[in-house]
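> can you look at this prediction? I've put the sequence above it.
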Amino acid sequence: MNTLSIENRSSNKHIYIQSGDIVKGGKQDRVISQDIVIRPKSGKVPLSAFCVEQGRWTNRGNEDVKSFSSSKNQLNSKKLKLAAKSRKSQGEVWKEVDSAQKSLSSSMGRSVRSDKSATSLQLTLEDKELQKLIKRYTEELLPIINKQPNTIGYAFAINGEFNSGDIYGSSHLFKKLWPKLLKATVVEAISAREKGKKSSDYPAAKRNDIEDSLADALEGEKSENEVGKSVRIVTHESNKSVVFDTYDIEPEGKTKIHRNIIKK
């Protein structure tokens, strides 16, 4: 089942949900596959999603199969993001979940699959030892945006190579999302650790790497789709990189909410 539903009961607040957000619970943990804005008093709105857990189709412990209990994590690898956002393939998502779990297990020196559900990416990300390691890095890095209060996005490199970046329509929105974005970034970096190597062993990433990936993607194939009556997503994709631009449809469809750049 690739469609969930959501309702915004607020009378005056808009809700922004970002692709890559993992929702825990239900009959299977899912990941939201497209950015969407839920307007006030929306009624039930369809929400495109993929499963990030195989096999389970009953409640897990005391969880309610009719709803989801939390959304504290994002997809933790660019391959997973591409499987959900670009290829839009459930089979590819499951394949990349398994690959992400194997990479984390290798990096941690032990299995990070949960006894409660070995295929659940969400439960893997809740692993206690992994959480301790994530905390070490996020506590140091979270405050860096305070030095630049008007920051609207970030980009990151792993092992000296540009990975991806996100830019938002306002600094307020970026700051709200920053903790979850940083956590996913840290997990991806942990997965890619190479034994015996330090960060100083890799060349420093350059601004040109980001600019080149963006320029390359914008020369690629263009496609557009509307998500309900909420947003318009414009995708530019080449063999080397992809850019997803999310625009608010109201009032004229020209307000860019989010730009996501991924180097393949």
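On my side now, so go ahead. The shown structure was predicted, so the numbers you read here are calculated from the model rather than taken from an experiment. Numbering: from 1, shown residues only.

> only C-alpha atoms from now on, for both contacts and neighbour counts.
OK.

> residue 233 belongs to a strand, doesn't it?
Yes: secondary structure of residue 233 (DSSP: H, G, I helix; E, B strand; the rest coil): part of a strand.

> identify the bridge partners of it.
Beta-bridge pairing for residue 233 (DSSP bridges): residue 225, residue 246.

> I'd say it and residue 249 touch.
No: Residue 233 is not in contact with residue 249 according to CA atoms under 8 Å; the separation is 9.6 Å.

> just give the closest residue to residue 58, not the sequence neighbours.
Spatially, and ignoring its direct neighbours in sequence, residue 58 is nearest to residue 27 (5.2 Å; CA to CA, 6 or more residues apart in numbering).

> residues contacting that neighbour?
56-60, 65-66 (CA atoms under 8 Å, 6 or more residues apart in numbering).

> is it in a helix, a strand, or coil?
Following three-state DSSP, residue 27 is assigned to coil.

> for it, give its distance to residue 73.
18 Å (CA to CA, to the nearest Å).

> nearest spatial neighbour of residue 74, chain-adjacent residues omitted?
Take residue 74 and drop its neighbours on the chain: the residue closest to it by CA to CA, 6+ apart is residue 21, 4.5 Å away.

> so what's the residue count around that neighbour?
Neighbourhood size, residue 21 [other CA atoms under 10 Å]: 22.

> let me know whether it touches residue 80 as I believe.
No: with contact defined as CA under 8 Å, residue 21 does not reach residue 80; the gap is 11.6 Å.

> mean confidence for the one helix or strand residue 155 maps to?
Residue 155 is part of strand 153-158 when elements are defined by DSSP states H and E. Strand 153-158 carries an average pLDDT of 96.

> ok, now stretch 39-53?
On average, stretch 39-53 scores 95.

> so where's this protein shaky on pLDDT?
1 (pLDDT under 70).

> who touches the longest helix along the chain?
The longest helix of the chain (DSSP state H) is helix 171-191. By CA under 8 Å, 6+ apart, the residues outside helix 171-191 that reach it are 72-77, 100, 103-104, 106-107, 134, 137-138, 142, 149-153, 156, 158, 167-168.

> now what about the helix or strand just after it, what contacts it?
Remark: after helix 171-191, the chain's next helix or strand is helix 207-218, criterion DSSP H and E. Residues outside helix 207-218 that contact it (CA under 8 Å, 6+ apart) are 155, 162, 164, 236-238, 240-243, 261-263.

> got a markdown table for the residues you listed, with distance to residue 174, neighbour count and secondary structure too?
Formatted as a markdown table, the contacts of helix 207-218 follow (distance: CA to CA, whole Å; neighbours: other CA atoms under 10 Å; DSSP: H, G, I helix; E, B strand; the rest coil):
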| residue | distance to residue 174 | neighbour count | secondary structure |
| --- | --- | --- | --- |
| 155 | 12 | 16 | strand |
| 162 | 20 | 21 | strand |
| 164 | 15 | 24 | strand |
| 236 | 22 | 21 | strand |
| 237 | 24 | 22 | strand |
| 238 | 27 | 18 | coil |
| 240 | 26 | 13 | coil |
| 241 | 23 | 22 | strand |
| 242 | 21 | 27 | strand |
| 243 | 18 | 27 | strand |
| 261 | 15 | 23 | strand |
| 262 | 18 | 24 | strand |
| 263 | 21 | 24 | strand |
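
> okay, the residues you listed in a markdown table with distance to residue 126 next?
As requested, the contacts of helix 207-218 are exported to a markdown table (distance: CA to CA, whole Å):
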| residue | distance to residue 126 |
| --- | --- |
| 155 | 25 |
| 162 | 27 |
| 164 | 24 |
| 236 | 34 |
| 237 | 33 |
| 238 | 35 |
| 240 | 32 |
| 241 | 30 |
| 242 | 29 |
| 243 | 30 |
| 261 | 27 |
| 262 | 25 |
| 263 | 27 |
